[in-house]
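# Next come a sequence and a model predicted from it.
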Amino acid sequence: MSNFASAFTPISISTVKDKISSTDKFILFIGRPSCPYCQLFEPKLSNVACNSNLTIFYINSENSEELEDIQALRKRYGIATVPALFVSENGTAKVVCDSSLSEDDILDFIS
């Protein structure tokens, strides 16, 4: 499990807020190593990130130090479950929570 999300860049909630405020594209994976659905989704997202040379940021939804802020972010954007893939750009945000997405579906969602 130590390799979980190793292809992604860990990020704090305060930095997430800054990234969302920016006009640049921002891709965030919210998950946790103890989630079996996250375990299914993470390798597919890792492949997409590597094959498409994308920077994807990661928040561990079990991070106790930021739990309240993580819950507030999830509530604000309607992120009911993990794994969650969050993309923001130019002030708009979209979220998908579906571990069954194929790599092509993931790439389509990000694009």
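Here it is on my side, so go on. Numbers count the residues shown, from 1 in each chain.
# Run a quick neighbour tally on residue 25.
Residues near residue 25, counting by other Cβ atoms under 10 Å, number 14. (C-beta placed from N, C-alpha, C; glycine too.)
# ditto for the one 3 residues further on
Other residues within reach of residue 28 by the criterion other Cβ under 10 Å amount to 24.
# going forward, begin numbering at 11 instead of 1
Sure thing, new numbering starts at 11, so read that last one as residue 38.
# Shouldn't residue 44 be within a helix?
No. Residue 44 is assigned coil when assessed by DSSP: H, G, I helix; E, B strand; the rest coil, not a helix.
# Look up phi and psi at it.
phi -80, psi 0 (degrees, to the nearest 10).
# same check, this time on residue 64
Per degrees, to the nearest 10, the backbone of residue 64 is at phi -100, psi 140.
# show me what contacts it?
37, 58, 120 (Cβ atoms under 8 Å, 6 or more residues apart in numbering).
# Derive a PyMOL selection command for the buried subset of those.
Burial among the contacts of residue 64 is assessed by 16 or more other Cβ atoms under 10 Å; the matching PyMOL selection reads:
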select buried, resi 37+58+120
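# so can I have JSON lines of the contacts of residue 64 showing pLDDT, secondary structure and distance to residue 110?
Output for the contacts of residue 64, formatted as JSON lines (pLDDT from 0 to 100; DSSP: H, G, I helix; E, B strand; the rest coil; distance: Cβ to Cβ, whole Å):
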{"residue": "37", "pLDDT": "98", "secondary structure": "strand", "distance to residue 110": "19"}
{"residue": "58", "pLDDT": "98", "secondary structure": "helix", "distance to residue 110": "15"}
{"residue": "120", "pLDDT": "96", "secondary structure": "helix", "distance to residue 110": "16"}
